[in-house]
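Undergrad: 3D, please:
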Amino acid sequence: MQTIISQFHASSKQGLEIIAGALDAFAKAAADKVTQALRNPIAADPEAEQYELDAKLWDSAPTIAVPKFAEFKQLEEVGHRFLATAEGLFVEVRRPWLHVIQPVAPLNGQTVRPPYGTVKPKVELAFERLGAIFPMVRTFIEAARQAAPNEHAAWVIWDSHTGDLAYRELNITSTSPGAIDYERPKLQDHESLVVDMHSHGALAAFFSEQDNHDDAGEVKISCVVGDLADGKTPSIQFRLCVLGMFLPLKVPAAAVLGTAS
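TA: Below you'll find the model as predicted:
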(Lines give C-alpha, C1' and ligand atoms only; values in the text may rest on other atoms or scores of the structure.)
Protein backbone atom coordinates (compact mmCIF):
# COMPACT_ATOMS: atom_id res chain seq x y z
CA MET A 1 0.00 0.00 0.00
CA GLN A 2 2.81 2.41 0.87
CA THR A 3 4.39 1.75 -2.51
CA ILE A 4 1.13 2.60 -4.28
CA ILE A 5 0.78 5.82 -2.29
CA SER A 6 4.38 6.84 -3.09
CA GLN A 7 3.83 6.20 -6.80
CA PHE A 8 0.62 8.28 -6.70
CA HIS A 9 2.39 11.22 -5.06
CA ALA A 10 5.25 11.00 -7.54
CA SER A 11 2.93 10.93 -10.53
CA SER A 12 0.84 13.79 -9.13
CA LYS A 13 3.96 15.93 -8.60
CA GLN A 14 5.15 15.19 -12.11
CA GLY A 15 1.74 16.08 -13.53
CA LEU A 16 1.66 19.36 -11.63
CA GLU A 17 5.14 20.21 -12.90
CA ILE A 18 4.04 19.54 -16.47
CA ILE A 19 0.95 21.70 -16.00
CA ALA A 20 3.01 24.48 -14.39
CA GLY A 21 5.50 24.35 -17.23
CA ALA A 22 2.72 24.54 -19.79
CA LEU A 23 1.15 27.51 -18.00
CA ASP A 24 4.52 29.30 -17.89
CA ALA A 25 5.05 28.71 -21.60
CA PHE A 26 1.54 29.94 -22.38
CA ALA A 27 2.00 33.07 -20.25
CA LYS A 28 5.35 33.84 -21.91
CA ALA A 29 3.91 33.32 -25.39
CA ALA A 30 0.95 35.56 -24.58
CA ALA A 31 3.23 38.27 -23.14
CA ASP A 32 5.48 38.10 -26.21
CA LYS A 33 2.46 38.45 -28.48
CA VAL A 34 1.18 41.48 -26.55
CA THR A 35 4.65 43.07 -26.64
CA GLN A 36 4.92 42.42 -30.37
CA ALA A 37 1.49 43.95 -30.96
CA LEU A 38 2.37 47.04 -28.95
CA ARG A 39 5.58 47.51 -30.93
CA ASN A 40 3.94 46.84 -34.27
CA PRO A 41 3.67 50.25 -36.02
CA ILE A 42 1.21 48.90 -38.60
CA ALA A 43 -2.47 48.44 -37.79
CA ALA A 44 -2.55 44.91 -39.17
CA ASP A 45 -1.94 41.36 -38.03
CA PRO A 46 1.72 40.46 -38.66
CA GLU A 47 0.46 37.08 -39.84
CA ALA A 48 -1.65 38.69 -42.59
CA GLU A 49 -0.82 37.58 -46.13
CA GLN A 50 0.52 40.94 -47.38
CA TYR A 51 1.79 42.31 -44.08
CA GLU A 52 5.43 42.12 -45.24
CA LEU A 53 4.69 44.54 -48.08
CA ASP A 54 3.29 47.09 -45.61
CA ALA A 55 6.27 46.50 -43.30
CA LYS A 56 8.73 47.22 -46.10
CA LEU A 57 6.77 50.34 -47.06
CA TRP A 58 6.90 51.54 -43.43
CA ASP A 59 10.63 50.83 -43.26
CA SER A 60 11.20 53.05 -46.30
CA ALA A 61 9.26 55.99 -44.82
CA PRO A 62 8.42 55.40 -41.15
CA THR A 63 6.14 57.53 -39.00
CA ILE A 64 7.46 58.15 -35.49
CA ALA A 65 6.24 60.08 -32.45
CA VAL A 66 8.16 63.20 -31.45
CA PRO A 67 9.01 62.97 -27.72
CA LYS A 68 7.28 65.33 -25.32
CA PHE A 69 9.83 64.98 -22.51
CA ALA A 70 13.01 63.39 -23.90
CA GLU A 71 15.29 65.15 -26.36
CA PHE A 72 14.27 64.83 -30.01
CA LYS A 73 16.88 62.93 -32.05
CA GLN A 74 16.94 64.19 -35.61
CA LEU A 75 17.35 61.99 -38.66
CA GLU A 76 21.04 61.34 -39.31
CA GLU A 77 21.00 59.01 -42.32
CA VAL A 78 20.00 59.90 -45.88
CA GLY A 79 16.28 59.30 -46.28
CA HIS A 80 13.01 60.66 -44.94
CA ARG A 81 10.43 59.97 -42.27
CA PHE A 82 7.19 61.41 -40.97
CA LEU A 83 6.92 62.99 -37.53
CA ALA A 84 3.71 62.78 -35.48
CA THR A 85 3.61 65.87 -33.24
CA ALA A 86 1.13 67.74 -31.08
CA GLU A 87 0.85 70.27 -33.91
CA GLY A 88 0.22 67.77 -36.71
CA LEU A 89 2.19 65.67 -39.16
CA PHE A 90 5.64 66.82 -40.32
CA VAL A 91 8.11 65.40 -42.81
CA GLU A 92 11.84 65.22 -42.11
CA VAL A 93 14.25 64.77 -45.02
CA ARG A 94 18.00 64.26 -44.96
CA ARG A 95 20.34 64.51 -47.91
CA PRO A 96 24.13 64.95 -47.81
CA TRP A 97 23.65 68.68 -48.47
CA LEU A 98 20.27 69.26 -46.80
CA HIS A 99 18.24 68.76 -43.64
CA VAL A 100 14.56 69.74 -43.80
CA ILE A 101 11.67 69.58 -41.34
CA GLN A 102 8.37 70.95 -42.66
CA PRO A 103 4.67 70.58 -41.78
CA VAL A 104 2.61 68.33 -44.03
CA ALA A 105 -0.75 68.32 -42.23
CA PRO A 106 -0.75 70.94 -39.45
CA LEU A 107 -3.46 70.98 -36.78
CA ASN A 108 -5.10 74.37 -36.40
CA GLY A 109 -7.52 75.72 -33.82
CA GLN A 110 -9.41 73.70 -31.21
CA THR A 111 -9.11 70.03 -32.10
CA VAL A 112 -7.91 66.66 -30.87
CA ARG A 113 -4.13 66.67 -30.57
CA PRO A 114 -1.76 63.72 -30.17
CA PRO A 115 -0.02 63.65 -26.75
CA TYR A 116 3.41 64.18 -28.31
CA GLY A 117 6.04 66.89 -28.45
CA THR A 118 6.67 69.56 -31.06
CA VAL A 119 9.38 70.38 -33.61
CA LYS A 120 10.36 73.58 -35.35
CA PRO A 121 10.36 73.79 -39.14
CA LYS A 122 13.85 74.14 -40.57
CA VAL A 123 15.82 74.24 -43.81
CA GLU A 124 19.52 73.69 -43.23
CA LEU A 125 22.06 73.68 -46.06
CA ALA A 126 25.47 72.02 -45.76
CA PHE A 127 26.91 74.98 -47.69
CA GLU A 128 25.19 77.28 -45.17
CA ARG A 129 23.65 79.89 -47.49
CA LEU A 130 21.89 79.96 -50.83
CA GLY A 131 24.30 82.62 -52.08
CA ALA A 132 26.96 79.91 -52.48
CA ILE A 133 25.25 78.77 -55.70
CA PHE A 134 24.91 82.26 -57.24
CA PRO A 135 28.24 82.17 -59.16
CA MET A 136 27.14 78.93 -60.85
CA VAL A 137 23.72 80.41 -61.67
CA ARG A 138 25.51 83.33 -63.35
CA THR A 139 27.61 80.84 -65.34
CA PHE A 140 24.42 79.11 -66.40
CA ILE A 141 22.78 82.38 -67.46
CA GLU A 142 25.62 83.07 -69.88
CA ALA A 143 25.32 79.56 -71.34
CA ALA A 144 21.53 79.94 -71.56
CA ARG A 145 21.90 83.25 -73.44
CA GLN A 146 24.01 81.44 -76.04
CA ALA A 147 21.34 78.74 -76.38
CA ALA A 148 18.40 81.20 -76.62
CA PRO A 149 15.75 81.26 -77.94
CA ASN A 150 15.93 77.51 -77.16
CA GLU A 151 15.86 76.25 -73.60
CA HIS A 152 19.03 75.16 -71.82
CA ALA A 153 19.79 73.14 -68.67
CA ALA A 154 22.59 72.39 -66.20
CA TRP A 155 23.06 71.04 -62.67
CA VAL A 156 24.89 72.07 -59.53
CA ILE A 157 26.36 69.09 -57.67
CA TRP A 158 27.41 68.67 -54.03
CA ASP A 159 30.58 66.64 -53.42
CA SER A 160 30.48 65.06 -49.96
CA HIS A 161 34.18 64.21 -50.09
CA THR A 162 35.39 67.75 -50.68
CA GLY A 163 32.44 69.71 -49.30
CA ASP A 164 32.29 71.71 -52.54
CA LEU A 165 29.64 72.69 -55.07
CA ALA A 166 30.36 72.13 -58.75
CA TYR A 167 28.75 73.20 -62.04
CA ARG A 168 27.81 70.23 -64.22
CA GLU A 169 27.09 70.49 -67.95
CA LEU A 170 24.40 68.16 -69.27
CA ASN A 171 24.13 66.19 -72.47
CA ILE A 172 21.21 67.94 -74.19
CA THR A 173 19.43 65.53 -76.55
CA SER A 174 16.83 67.95 -77.91
CA THR A 175 15.78 71.53 -77.26
CA SER A 176 13.34 74.14 -78.50
CA PRO A 177 11.87 77.44 -77.24
CA GLY A 178 9.25 75.45 -75.28
CA ALA A 179 10.88 72.20 -74.18
CA ILE A 180 14.16 70.47 -73.44
CA ASP A 181 15.33 66.88 -73.02
CA TYR A 182 18.67 65.75 -71.64
CA GLU A 183 20.38 62.65 -70.34
CA ARG A 184 20.28 62.51 -66.58
CA PRO A 185 23.94 62.18 -65.56
CA LYS A 186 25.13 59.25 -63.44
CA LEU A 187 26.56 60.62 -60.22
CA GLN A 188 29.21 59.07 -58.01
CA ASP A 189 28.22 57.84 -54.56
CA HIS A 190 29.76 60.96 -53.01
CA GLU A 191 27.89 63.29 -55.39
CA SER A 192 24.29 64.49 -55.16
CA LEU A 193 22.10 66.87 -57.12
CA VAL A 194 21.58 70.24 -55.43
CA VAL A 195 20.28 72.62 -58.13
CA ASP A 196 18.43 71.68 -61.30
CA MET A 197 18.55 74.72 -63.63
CA HIS A 198 16.77 75.31 -66.90
CA SER A 199 15.97 78.38 -68.98
CA HIS A 200 12.90 79.75 -70.75
CA GLY A 201 14.73 81.69 -73.43
CA ALA A 202 13.02 85.03 -74.08
CA LEU A 203 10.06 84.14 -71.86
CA ALA A 204 9.86 85.14 -68.20
CA ALA A 205 11.00 82.74 -65.48
CA PHE A 206 8.14 80.71 -64.00
CA PHE A 207 7.39 77.12 -62.98
CA SER A 208 5.15 75.45 -65.54
CA GLU A 209 2.87 72.45 -65.08
CA GLN A 210 5.56 70.38 -66.79
CA ASP A 211 8.08 71.67 -64.25
CA ASN A 212 5.73 70.65 -61.44
CA HIS A 213 5.47 67.18 -62.93
CA ASP A 214 9.24 66.88 -63.42
CA ASP A 215 10.04 68.10 -59.90
CA ALA A 216 7.48 65.93 -58.08
CA GLY A 217 9.08 63.33 -55.83
CA GLU A 218 12.56 64.87 -55.96
CA VAL A 219 14.67 66.59 -53.33
CA LYS A 220 16.54 69.50 -54.90
CA ILE A 221 16.54 73.23 -55.53
CA SER A 222 14.86 74.02 -58.83
CA CYS A 223 15.89 77.18 -60.68
CA VAL A 224 14.31 78.73 -63.77
CA VAL A 225 15.91 81.60 -65.68
CA GLY A 226 14.06 83.72 -68.25
CA ASP A 227 14.00 87.06 -70.09
CA LEU A 228 17.27 86.27 -71.82
CA ALA A 229 16.71 88.52 -74.83
CA ASP A 230 19.49 91.04 -75.51
CA GLY A 231 19.33 94.09 -73.30
CA LYS A 232 16.93 92.59 -70.73
CA THR A 233 17.68 91.79 -67.11
CA PRO A 234 17.16 88.08 -66.57
CA SER A 235 14.30 86.96 -64.33
CA ILE A 236 15.05 84.13 -61.90
CA GLN A 237 12.83 81.85 -59.82
CA PHE A 238 13.95 79.39 -57.14
CA ARG A 239 12.11 76.80 -55.11
CA LEU A 240 13.05 73.94 -52.82
CA CYS A 241 11.48 70.67 -53.94
CA VAL A 242 10.82 68.20 -51.13
CA LEU A 243 9.15 64.99 -52.29
CA GLY A 244 6.30 66.84 -54.00
CA MET A 245 6.24 69.84 -51.65
CA PHE A 246 7.42 73.10 -53.22
CA LEU A 247 8.86 75.79 -50.95
CA PRO A 248 9.36 79.14 -52.75
CA LEU A 249 12.77 80.74 -52.22
CA LYS A 250 12.39 84.46 -52.68
CA VAL A 251 15.65 85.84 -54.04
CA PRO A 252 15.92 89.14 -55.97
CA ALA A 253 17.52 88.71 -59.38
CA ALA A 254 19.89 91.55 -58.55
CA ALA A 255 21.28 89.53 -55.62
CA VAL A 256 21.98 86.58 -57.90
CA LEU A 257 23.47 88.74 -60.66
CA GLY A 258 25.64 90.66 -58.21
CA THR A 259 24.13 94.00 -59.19
CA ALA A 260 22.36 94.74 -55.90
CA SER A 261 23.46 98.04 -54.38
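Undergrad: how does this protein divide up, domain by domain?
TA: Here the domain parsing of the chain from automatic domain parsing is 1-39, 54-125, 130-257.
Undergrad: Format those as TSV; extra columns: distance to Asp45 and mean pLDDT.
TA: The way it works is simple: take the backbone N, C-alpha and C, and place the C-beta from them, glycine included. TSV is the format used below for the domains of the chain (distance: least, Cβ to Cβ, whole Å; pLDDT from 0 to 100):
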stretch	distance to Asp45	mean pLDDT
domain 1-39	9	60
domain 54-125	11	96
domain 130-257	30	96
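Undergrad: Go through these and pick out the most buried.
TA: Mean neighbour counts were taken over the domains of the chain using mean count of other Cβ atoms under 10 Å, and the top value, a mean of 16, falls to domain 130-257.
Undergrad: Tell me the gap between stretch 53-70 and the middle of its chain.
TA: Computed by Cα atoms, centre = their mean, to the nearest Å, the chain-centroid distance of stretch 53-70 equals 13 Å.
Undergrad: Could I get the full set of helices for the stretch 1-150 of the chain?
TA: Secondary structure of the stretch 1-150 of the chain (DSSP state H, counting those that start in this stretch): helices at 2-39, 51-60, 134-147.
Undergrad: which residues are contacting the second one?
TA: What it means is helix 51-60. Helix 51-60 is contacted from outside by 41-42, 44-46, 79, using Cβ atoms under 8 Å, 6 or more residues apart in numbering.
Undergrad: Now do the strands in the stretch 101-250 of the chain.
TA: Along the stretch 101-250 of the chain, counting by DSSP state E, counting those that start in this stretch, strands occupy 122-125, 153-159, 164-169, 171-175, 180-183, 191-199, 219-226, 235-242, 245-249.
Undergrad: ok, now which ones touch the nearest residue to Glu76 once chain neighbours are set aside?
TA: Excluding the flanking residues, the one nearest Glu76 by Cβ to Cβ, 6 or more residues apart in numbering is Arg94, at 7.0 Å. Contacts here follow Cβ under 8 Å, 6+ apart; on that basis Arg94 touches 75-80, 100.
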